[in-house]
Structures are given as C-alpha cells and as structure tokens.
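**Q** Okay, sequence plus prediction incoming.
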Amino acid sequence: MYIRKVEIKNLWGNDFSWTLSEDVNVLIGKNGSGKSAILRMLNEAVLPVEDSRLNFRLFDPVDEMIIELEDDIVIRADSENRSITGDTEITNYKLNITLINTFDVVEKSLNPNATLLDYQLDKLKLEFVTYQRDLSNQVEEAFKNDNETSRSEQLERIQAIYETKNIFTEILTELFSHTEKKFDEKAFHFLKTGIRTPILPENLSSGEKQILIILLTTLLQDRKKCVLLMDEPEISLHIDWQRRLIKNIRQINPNCQVIIATHSPTVYYQGWIEKIARVEEIQSASDSVTESAILTEKTTLSEGRVQKIRNDLTNFRSRGIPARLYQFNRRISAYTSFTKDECIELLNILKDEGIYPDVITFTTLISKLNSYTDAKEIFDLMEAETYSRLYRVKPNDITLNTLIKRVGSVEEGLELIQNVSANKRLQLYPNIITFSTLLGKAKNTNEIRLLEEMRNYYGVKANDIYLNKLKFKK
C-alpha cells in the first residue's frame, strides 16, 4: 500500500497539497519551511496502530492533515483524533511504514557513549538474525516439498531465496571498500584487511552507521510494498554515498515508496530531479473556504453509495430496530464523504423504514460533509420533527465539536457557539475541545484574542493540548 496524496490545513498560515509518486519523492526547502514537521506528522497519521499509541501533539500546529492511500482509504488527523475511512468498510488496514531519522546524538542512558544510531543498530541486529533464520527455513521448506528437482534447479531456487540479501551484501561491500571493511553477516560486525580485531557497529563512524541502518531497514522489508520516510539522510554521508543512496535503496527493494526531505542536491541530481517537490510549490496561503481536493474527489467520484447502504439496511429487516440503526450508523461511518443531498436521502431511507435516527446518526453525517453550510443544515435537522420525534434527539458536545471542525473561520465558529448556547432548549455549551479546534483555525493575533475572550466568558479552563497549540500560534 502506498501514499497517494497529502494535504495539510493551516500549518503556520499555509495550506499544503502534495501528490506523491509510488517510487521516489523528494521534498526540498529552506530551513524552517516545515519539511521535517510534514514527515513526522505523515508518519504518525498513517501508523496502523491503535489511536491510544499515537502522539497527537504532533498535530498541534495544524488545523487538520488529510492523507489518501491506495484502495481509496482516507485518513484525517488533528490534535484531537484520527479517522480512517474509505468507499467501503475497512476491516483490515495495513501499511508498512518506517521513519528513519539519522541524526547521531547521545542518548541519556547507563552508557554515556551510546547514541540513537547505536540503539537503532541493536534493534536491527536482532531483526537481521530473524531474517536470516527465515531465509534458511525457506530453503529447507523448498526442498522438503519437492525432492524431484535437479541439482541445477535447486541451486536456482536457493539463489532466488537469497537474491535480495546478496544484493544488500554486494552494495555494502562496495560502499565500504574504500576503507577495506567487509561485513560479516553471521557475527554482525566488520572485518578489515590486516586487522584481527573485528570492528563492532558501535565503533563505526556516524556516516557508516547511517548507511548501514538505511540499507538494513530496506533489506528487512523483504521486497514488500512499503513506505520509507527519511529526514535529511545525507547527514554525515560522503558525497558518493549520497549520490547512490536512492539507487541502492531501490535495488534492494524496488517496491519501496521512498519519501525524503533533504537539503542536498547530490541525493536527487542523478536521475531523480523530476521527483522533486519544493515546499514553496506545494504550499499556498491558508484560505479557510478552500475545500480539500481529496475529500471533494471522494464526494464527486464515488457513486451508488446510498443505494448500497439502502440494500444493506434491507438485508437487516429481520432484526429489531435498534440493531438495524446500529448497522446503518456503522455503514455510513465507513465512508469518507457524502453530499448534503445524499445525507437527506439517507435520512429518508430511515424514515421509510420506520426508524428514527439518533444523535450518532446525525453526528456521523455531519462529519462526512465538507461544507460548513451543508453540515449546519443537517445539524439543524436534529430539531425537525420530519426525521425524529419532537425533542427526542438533541445534539451533544460531540455533535457541536464535529460541526465546529467544518467552520471556515474563527469568526464563523464563534458565531455558531453564541447561537447554539443561546438556545435554552439545547442546553449545549462549548468545551475546551471546541476552543482548541477553533484555535487551530486561527490565523492572526486578533482571532486568538477573540477566542481567549470567548473562552474566559464561558469559564472554560485551558488544558495542556490547548496551551501547546497556543504556543505554536503566538
């Protein structure tokens, strides 16, 4: 699985839209332009792990990050949460992704001489041992299943199994040839001509550690589809190693999508210039009314969604109404986007089936709309007797905060808060998530001042998330 496109809303006053190739992508720009931040957020957003294991603080500087993967999967992440949706229900989300940061700094530990690169090499050493054992098992299994092959066929099969590792070894040997070091894969150390004592990985130079980490990581991908993120991999690398870096990675794993942030022209000059994206070319002044190109495409190109959901609901007619509503809510949650007309059509489907939508239904539909105006119309329908028993369904704080994400500006959001809180029947008031979301949309000190005044007016206490976002905005 590869990453197709990345959009970032309001990073330091700019929006970003970056369309990626399946093979190589190089991001260049001045210091402080956001290259490293983009890579770190991208890695965190797409990690196939439980949300509880993610560092949402990485998204504090932005309003939202939207990522499109293969198989029409869309990931949306901000400082509060992450959603993973598509055109069909996602039951098995997998993405093999690795972020390599090769800055060699001392790590605070019992060993004052150990560096982060040393810790990475220790981890890779264990994985390399497992990798070699797996290769041996493949050879043994191949012969066990077929005893009638000729000697030459057996040798070809062995060669195919060890092909990738042999390429890795050849590349490593060539890179280290100028210092006469040779990698001993069994002992996981280097030998040097004329010196008996082996050279341990921790005794290599920073550049040698870096290239070993990069190539080992690529080898352990086992030629599978994967994404390799690298932040300034040229640090400490000799110019010849920089020049051959992408080629070497692609030789070891031609199925690897390489995404690099770099300052070195040497990394991409030989054959990869057309893969360059300059930060200033993928950014634009943040315009709050600009809709996401990814979400717009998903809304307009996906057809037959409503009919499919109708068919699914029909298949559950033998079950009770609560179970059918649960299945309906689950189905609509799986999709990335709906149009306003589709949302109304979906509500009409429930009405025809004699099912009253609940607050989850409305909140989910609001989350699927790209336009604030459209989302507000669906929000207002919660009070309409047309789709629910009068006064039965009322929006809650989750509904309000979902709608707040759709507003185009801080001013629009503050107006919404005032109107909603003035409705005594709703008894709905903003919380710190409401203000934290609006703070992400703030573009100047005046908007921040208005937010702070409104927050203090409602007596909402700031939390660590809000204060951290405030730090980025000031």
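**A** Nice, I can see it. Numbers count the residues shown, from 1 in each chain.
**Q** residue ranges with poor pLDDT in the stretch 101-250 of the chain?
**A** 102-113, 145-151 (pLDDT under 70).
**Q** for it, what spans make up the strands?
**A** Counting by DSSP state E, counting those that start in this stretch, one finds strands in the stretch 101-250 of the chain at the ranges 181-184, 189-192, 195-199, 226-231.
**Q** Which one, of those, ends up nearest to Val359?
**A** strand 226-231 (37.4 Å; CB to CB). (Each C-beta comes from the backbone N, C-alpha and C, glycine too.)
**Q** quick one on the thing from earlier: will you turn the strands of the stretch 101-250 of the chain into a markdown table that also has distance to Asp397 and mean neighbour count?
**A** Below are the strands of the stretch 101-250 of the chain laid out as a markdown table (distance: least, CB to CB, whole Å; neighbours: other CB atoms under 10 Å):
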| stretch | distance to Asp397 | mean neighbour count |
| --- | --- | --- |
| strand 181-184 | 58 | 16 |
| strand 189-192 | 58 | 17 |
| strand 195-199 | 60 | 12 |
| strand 226-231 | 36 | 23 |
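**Q** Adding distance to Asp464, write those strands out as TSV.
**A** Compiled in TSV, the strands of the stretch 101-250 of the chain are given as follows (distance: least, CB to CB, whole Å):
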stretch	distance to Asp464
strand 181-184	46
strand 189-192	45
strand 195-199	46
strand 226-231	26
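**Q** what helices or strands is the longest helix belonging to the chain leaning on?
**A** If you go by DSSP state H, the chain has its longest helix at helix 116-145. With contacts taken as 3 or more CB pairs under 8 Å, 6 or more residues apart in numbering; DSSP states H and E, helix 116-145 sits against helix 151-161, helix 163-175, helix 206-219.
**Q** Figure out which of those helices is closest to Asn253.
**A** Going by CB to CB, the one of these nearest Asn253 is helix 206-219, 5.1 Å.
**Q** Grab the longest strand from this structure for me.
**A** Identified as the longest strand of the chain according to DSSP state E is strand 3-11.
**Q** tell me the angle whichever helix or strand comes after it makes with strand 3-11.
**A** Following strand 3-11 in sequence order, the next helix or strand is strand 14-19 (DSSP states H and E). Angle of strand 14-19 versus strand 3-11, following axes from the mean of the first three to the mean of the last three CA atoms, to 10 degrees, is 180 degrees.
**Q** what is the rounded mean pLDDT of stretch 271-279?
**A** Stretch 271-279 carries an average pLDDT of 92.
**Q** Could you export that stretch as PDB, keeping only the C-alpha atoms?
**A** In PDB, the C-alpha atoms belonging to stretch 271-279 read as follows (Å, rounded to 0.1, in the frame of the first residue of the first chain):
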ATOM      1  CA  GLY A 271      18.000  10.500 -12.100                       C
ATOM      2  CA  TRP A 272      15.500  11.900  -9.600                       C
ATOM      3  CA  ILE A 273      15.100  15.600 -10.400                       C
ATOM      4  CA  GLU A 274      11.600  15.000 -11.800                       C
ATOM      5  CA  LYS A 275      10.600  13.600  -8.400                       C
ATOM      6  CA  ILE A 276      11.300  16.900  -6.600                       C
ATOM      7  CA  ALA A 277       8.700  18.800  -4.800                       C
ATOM      8  CA  ARG A 278       9.700  22.300  -3.500                       C
ATOM      9  CA  VAL A 279       7.900  23.400  -0.300                       C
END
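**Q** which of the residues in it are buried?
**A** Residues of stretch 271-279 classed as buried: 272, 275-277, 279 (neighbour count, 16 or more other CB atoms under 10 Å).
**Q** got it, and stretch 416-430?
**A** Buried-residue list, stretch 416-430, by 16+ other CB under 10 Å: 416-417, 420-421, 426, 428, 430.
**Q** how far out from the middle of the chain is that stretch?
**A** 35 Å (CA atoms, centre = their mean, to the nearest Å).
**Q** which residues touch that stretch?
**A** The contact list for stretch 416-430, computed with CB atoms under 8 Å, 6 or more residues apart in numbering, reads 376, 391, 394-397, 400, 403-404, 407, 434, 454-455, 458, 460.
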